[in-house]
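Student: predicted coordinates and the sequence they were generated for:
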Amino acid sequence: MAVLKRVVKPRTRRGKMALAKREPKAIENRKQTMIVRGPKCSQTVQDCMKDLYKLKRPYATAYNRHNDIRPFEDASKLEHWCKKQDVSLFLFGSHNKKRPDNLVFGRLHDFNILDMIEFGIDQYHSLASFKNAKVMESTKPCLLFAGEEFADPANLEMQRIKNYFIDFFRGVETDSVRLAGIEHVLQFTSLDKKIFIRSYRALLKKSGQRTPRIELEEIGPHIDLSLRRTHLASDELFRSACKQVKNVRKTKKVKNITEDAFGSKMGRIHVEKQEIGKIQNRKIKALKESKEEKNEKKKTQSEKQRQMEIEAVFASGGESDGGDSGGEDMDSD
């Protein structure tokens with residue numbers, strides 16, 4: 001019989017706050033990335049992971065120790081680390097004779113492996129090899145996807161890889177971006193199950209018009225990847241992972257409240273029909289009856305009562321006289 005894990009309740013305020021941050025939310029926190037080395041890691045893979053870490057900072061954590069992990073065989077250790085660090089994305093690098101210069105991109109849902117994609121590095125040029133100015137840290141990139149495989153909706157594998165790269169590189173979510181804020185451009189081109197990643201810096205030049213002329217300058221990294229293995233979630237699991245609360249990002253409409261041209265709020269109140277006769281009024285001294293009024297009221301009531309009694313007596317006396325006269329007539333006959 002399997003032993004169930006005990007649920008230990010937090011005893012401190014700090015522990016309660018840490019668990020509250022990990023609770024499911026309608027709008028999720030910014031996704032963190034964990035970068036891990038395998039049992040053996042070539043210099044090319046290490047440099048590539050360092051450059052990807054620089055693109056992901058400050059929402060990434062890199063570990064330098066070697067770990068005996070094989071994600072496609074057993075990913076339980078990765079799942080445990082991701083749960084411990086509250087991480088949703090990971091990048092694993094390794095090198096061996098069968099799969100040299102190997103990169104594994106993965107993501108989790110509910111701290112279980114959702115997707116894993118394995119690539120081999122065919123060609124790589126680092127950030128340092130491009131002697132020019134770079135973009136600022138944590139700049140939101142503009143993602144461009146080119147190639148028939150990315151454009152084909154029937155190719156589910158490449159569509160899922162495209163979705164993963166958007167999830168991995170998209171940066172901070174924003175509603176609008178100014179023109180000068182589009183400084184970093186990442187292009188992904190697919191051809192024959194190979195993906196070419198290029199990184200550019202957008203330069204705004206004078207054009208003699210209101211809209212500037214844009215030039216792209218390559219700043220690195222320059223990576224050519226070849227697809228090796230994939231472990232993709234089923235359609236049902238992927239739909240449940242992407243499910244969101246309805247209208248979570250829309251402002252909640254408040255009924256019966258309007259706003260005029262000057263910004264003043266106007267409210268409409270619906271009140272049921274009131275029964276004024278049952279309303280409890282305040283007992284004010286000025287509205288109370290005086291002693292004279294009370295005595296006068298008692299006199300009138302007693303007078304009415306006396307008149308009613310007198311009328312009742314005369315009415316009963318008249319009925320009795322009529323009965324006696326009828327009896328005498330019968331005797332005379």
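Tutor: In hand now; what should we look at?

Student: show me where this protein has helices.
Tutor: 13-22, 43-56, 76-85, 148-151, 156-169, 235-242, 291-332 (DSSP state H).

Student: chain neighbours aside, what residue packs nearest to Ile161?
Tutor: In space, and not counting its chain neighbours, Ile161 is closest to Ile117: 5.8 Å by C-beta to C-beta, 6 or more residues apart in numbering. Placement of C-beta: from N, CA and C, glycine included.

Student: wait, doesn't Leu78 sit right on Asp68?
Tutor: No. Using C-beta atoms under 8 Å, Leu78 is not in contact with Asp68; the gap is 12.0 Å.

Student: more neighbours: the two, which one.
Tutor: Leu78 (22 against 8; other C-beta atoms under 10 Å).

Student: contacting residues for Ile269?
Tutor: Counting by C-beta atoms under 8 Å, 6 or more residues apart in numbering, Ile269 makes contact with Asn256.

Student: how near is it to Phe150?
Tutor: With the distance defined as C-beta to C-beta, to the nearest Å, Ile269 ends up 56 Å from Phe150.

Student: got it, and Pro100?
Tutor: From Pro100 to Phe150 the distance is 26 Å (C-beta to C-beta).

Student: with neighbour numbers in mind, choose between these two.
Tutor: Higher neighbour count among Pro100 and Phe150: Phe150, with 18 against 13, using other C-beta under 10 Å.

Student: pretty sure the more buried one contacts Leu191?
Tutor: No. Using C-beta under 8 Å, Phe150 is not in contact with Leu191; the gap is 10.0 Å.

Student: number of residues surrounding Phe111?
Tutor: If we define neighbours as other C-beta under 10 Å, then Phe111 has 14 of them.

Student: ok, Val87 next?
Tutor: Using other C-beta under 10 Å, Val87 is surrounded by 20 other residues.

Student: right, and it touches Ile35 too?
Tutor: No. The pair Val87 / Ile35 is not scored as a contact, 10.1 Å apart, by C-beta under 8 Å.

Student: if I look at the two, which residues touch both of them?
Tutor: With C-beta under 8 Å, 6+ apart as the test, Val87 and Ile35 both reach Thr61.

Student: flag the shaky bits of the protein, pLDDT-wise.
Tutor: Across the chain, the ranges flagged by pLDDT under 70 are 1-7, 280-287, 317-333.

Student: again, 50 this time
Tutor: Across the chain, the ranges flagged by pLDDT under 50 are 1, 323-333.

Student: so which residues of the stretch 101-250 of the chain form strands?
Tutor: 102-109, 112-125, 141-146, 184-191, 194-205, 213-218, 222-231 (DSSP state E, counting those that start in this stretch).

Student: okay, now stretch 25-35: how far is its last residue from its first?
Tutor: 25 Å (C-alpha to C-alpha, to the nearest Å).

Student: give me the buried positions along that stretch.
Tutor: For stretch 25-35, the buried set under the neighbour-count rule, 16 or more other C-beta atoms under 10 Å, comprises 31-35.

Student: now stretch 66-82
Tutor: Within stretch 66-82, judged by 16+ other C-beta under 10 Å, the buried ones are 69, 71, 75, 78-79, 81-82.

Student: cool, and stretch 201-210?
Tutor: So stretch 201-210, judged by 16+ other C-beta under 10 Å, has buried residues 201-202.

Student: can you give the distance of it from its chain's centre?
Tutor: How far stretch 201-210 lies from its chain's middle: 37 Å, per C-alpha atoms, centre = their mean, to the nearest Å.

Student: just checking the distance from stretch 16-29 to the centre of its chain.
Tutor: With C-alpha atoms, centre = their mean, you get 11 Å for stretch 16-29.
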